[in-house]
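Trainee: got a predicted model here, sequence first, then my questions.
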Amino acid sequence: MHPVTSSITEDSLVPRIKTLASDEFQGREPSSEGEQKTMNYLKKEFQRLGLRPGNGDSFFQEVPLVKVESEHDDEMPIRGDDQNFALKNKDEMVANTRRLLDSVSLENSELVFAGYGIVAPEYDWNDYENLDVSGKTVVVLVNDPGYATEDPDVFNGKAMTYYGRWTYKFEEAARQGADGILIVHETGPAGYPWDVVRNSFGGPQFYMESDDEPESFPIIQGWLTTDAAEKLFKSAGQNFSELKDNATQPDFSAVHLGLYASYSIRNSISHSKSHNVLGVLPGSEYPDEFVIYTAHWDHFGVEESNGEKKIYNGARDNATGVAAVLEVARAFTELPEPPKRSIIFMPVTAEERGLLGSEFYASNPVKPLDKTVAVINMDALNIWGPTNDITVVGYGNSELDEIVEDVAKQQNRSVRPDPEPEKGHFYRMDHFSFAKQGVPALAAEFGVDHKENGVDWMQDEIHKWTDQHYHKPSDVYDPDYWNLEGAIDDVRMYFQIGYQIADSHDFPNWREGTEFKSTRDAMMK
């Protein structure tokens, strides 16, 4: 490890976390007073460190957003030949719309169970085969069939593919012409409890400005609880568990439930600007080649209900990651001389709204992507103490793994793949926006083999935190609970990985067989 990493300590990291996660920053919601405070803080820190503006003479890249605040029906009425009942908003279902219209509605839209809602030719899989869903609402399962079967020959076994992500399912339903889509939530295959869905989909929604026609999106897109799905299927004379099992077979045929749903949403639409923040340390030999560090600065802001004000401070998610970017930047500025390549330090906006800030940069790069060597993303640091290992989400995808393995040896740690690949973490963090464009991108994070308490204890603590604090107001800095020794190890690791890439002239690539390599190869030609 480079000697400069010794300057990265808990004493230097904690004050940054406490500042970003303070009530003063109002939950760091995009296009809010909290964003302005965050922008001012990050700009001043970059200036204090001597970084140069990363976007011409500005430290900011403007990201155009659309904010949709919606008034929802309290219930979703369901009717059938001899069935009439309703699903309660937030308790049994949540829904929103990507259609930027004053109001949208489903009127007696036929419900069709379409399995996993996947069309994947490379897996010889088509849940929509011989199915016309125009004007209908599809009900689909979360994740993909590999998770349910745990068969390594089905999709990617227990490891989620992009076909398992809710974003893909919404996109595919739109391509099929469906008016609506409802995903059945289950905590295991989703990777998070119902409260996360309710909090994320029930409040204001942010989207990037788009030239897409309204018909490019379903009228209604949302989720059902498992209990609501079981009630729905039972009222249709179907057994949810049996149909769920049937849906894991490639010859599954969609089932018309004989039920019809209605639901309305009234929108208040506003256009706003948010910002990615970019500071640059110019390289000493190859200043036109770049290594990028990212972490999302945004969270969910403030929620007011029944006169009660709740601030989503987002201390771990992701004040810790932004603090890490600042600490890594400080360490680079303390080097006797800069590395050969330039480093961009870029906290991005609107990750919690669908990776919007990183997607905007990757689609509108300030620096050429063929000159962008690698992206290193930091999201939600370890708060439980040091581990004997390092996790690489998407391990085996790129040659960046070799650098991580070398750094791990320097820390006497091992490297392991994501122990919970079924949760689809690779597709849920900002590095994915760059991967889609072909840029080798890394999500390396803390391991699960706790140095004192072992694997089972560590995984229990992670699950406990996810259940109790993830995307909730209780995600606050807690000195009595947090142990940041492992976070310091990881931040030093992030520095060393970036340093070894930046002080080289090699261009790591994706490995053969990954879906991103052809894009990178074409770019580099």
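Mentor: Arrived safely. Numbers count the residues shown, from 1 in each chain.

Trainee: and the residue nearest in space to the middle of the chain, what pLDDT?
Mentor: Using Cα atoms, centre = their mean, the residue of the chain that lies closest to the mean C-alpha position is Arg428, 2.7 Å off. Note on Arg428: pLDDT of 88.

Trainee: from Pro421, how far off is it?
Mentor: Separation of Arg428 from Pro421 (Cβ to Cβ, to the nearest Å) stands at 12 Å. From N, CA and C alone the C-beta is placed, and that goes for glycine too.

Trainee: contact partners for the closest residue to Asn313 other than its chain neighbours?
Mentor: Nearest non-adjacent residue to Asn313, counting by Cβ to Cβ, 6 or more residues apart in numbering: Ala21, 4.4 Å away. Counting by Cβ atoms under 8 Å, 6 or more residues apart in numbering, Ala21 makes contact with Asn313, Gly314, Ala315, Ala319, Val476, Tyr477.

Trainee: now a ChimeraX select for only the buried ones of the residues you listed.
Mentor: To isolate the buried ones among these in ChimeraX, judged by 16 or more other Cβ atoms under 10 Å, type:
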select :313,314,315,319,476,477
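
Trainee: any chance of the contacts of Ala21 in JSON lines, plus secondary structure?
Mentor: Shown next, in JSON lines, are the contacts of Ala21 (DSSP: H, G, I helix; E, B strand; the rest coil):
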{"residue": "Asn313", "secondary structure": "coil"}
{"residue": "Gly314", "secondary structure": "coil"}
{"residue": "Ala315", "secondary structure": "helix"}
{"residue": "Ala319", "secondary structure": "helix"}
{"residue": "Val476", "secondary structure": "coil"}
{"residue": "Tyr477", "secondary structure": "coil"}
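
Trainee: could the contacts of Ala21 go into a markdown table alongside distance to Lys234 and pLDDT?
Mentor: Formatted as a markdown table, the contacts of Ala21 follow (distance: Cβ to Cβ, whole Å; pLDDT from 0 to 100):
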| residue | distance to Lys234 | pLDDT |
| --- | --- | --- |
| Asn313 | 41 | 97 |
| Gly314 | 39 | 97 |
| Ala315 | 42 | 98 |
| Ala319 | 44 | 98 |
| Val476 | 41 | 98 |
| Tyr477 | 45 | 97 |
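
Trainee: show me where the stretch 51-200 of the chain has helices.
Mentor: Remark: helices assigned in the stretch 51-200 of the chain by DSSP state H, counting those that start in this stretch are 145-149, 166-175, 187-190, 194-202.

Trainee: can you tell me which of the ones you listed has the worst average pLDDT?
Mentor: Among these, helix 194-202 scores lowest, with a mean of 85.

Trainee: picking that back up, among the contacts of Ala21, which one lies nearest to Lys273?
Mentor: Gly314 (20.8 Å; Cβ to Cβ).

Trainee: you'd agree that closest one is up against Gln26?
Mentor: No. With contacts counted by Cβ atoms under 8 Å, Gly314 stays clear of Gln26, the gap being 10.8 Å.

Trainee: right, and Pro421 touches Thr161 too?
Mentor: No. Pro421 lies out of contact with Thr161 (Cβ under 8 Å); the separation is 9.8 Å.

Trainee: of those two, who's got more company?
Mentor: Taking neighbours as other Cβ atoms under 10 Å, Pro421 and Thr161 compare with Thr161 leading, 24 against 20.

Trainee: which residue is the nearest non-sequential neighbour of Asn483?
Mentor: Gly385 (4.0 Å).

Trainee: err, Ala295, not the other one
Mentor: Per Cβ to Cβ, 6+ apart, closest to Ala295 is Gly321, 3.3 Å.

Trainee: ditto for Lys423
Mentor: Lys423's closest residue in space is Gly191 (Cβ to Cβ, 6+ apart), at 3.1 Å.

Trainee: show the contacting residues for that neighbour.
Mentor: Going by Cβ under 8 Å, 6+ apart, Gly191 touches Glu420, Glu422, Lys423, Gly424, His425.

Trainee: that one and Ile181, how far apart?
Mentor: Look at Gly191 and Ile181: by Cβ to Cβ, they are 19 Å apart.

Trainee: for Glu10, give me its contacts.
Mentor: With Cβ under 8 Å, 6+ apart, Glu10 has these contacts: Leu484, Glu485, Ala487, Ile488.

Trainee: no, scratch that, I was asking about Lys451
Mentor: Per Cβ under 8 Å, 6+ apart, neighbours of Lys451: Gly385, Pro386, Thr387, Asn388.

Trainee: element containing Gln496?
Mentor: helix 485-502 (DSSP states H and E).

Trainee: run the chain-centre distance for that helix.
Mentor: Chain-centre distance of helix 485-502: 22 Å, with Cα atoms, centre = their mean, to the nearest Å.

Trainee: following that helix, which helix or strand shows up next?
Mentor: helix 517-524.

Trainee: so for that next one, what gets flagged as buried?
Mentor: Buried-residue list, helix 517-524, by 16+ other Cβ under 10 Å: Lys517, Thr519, Arg520.
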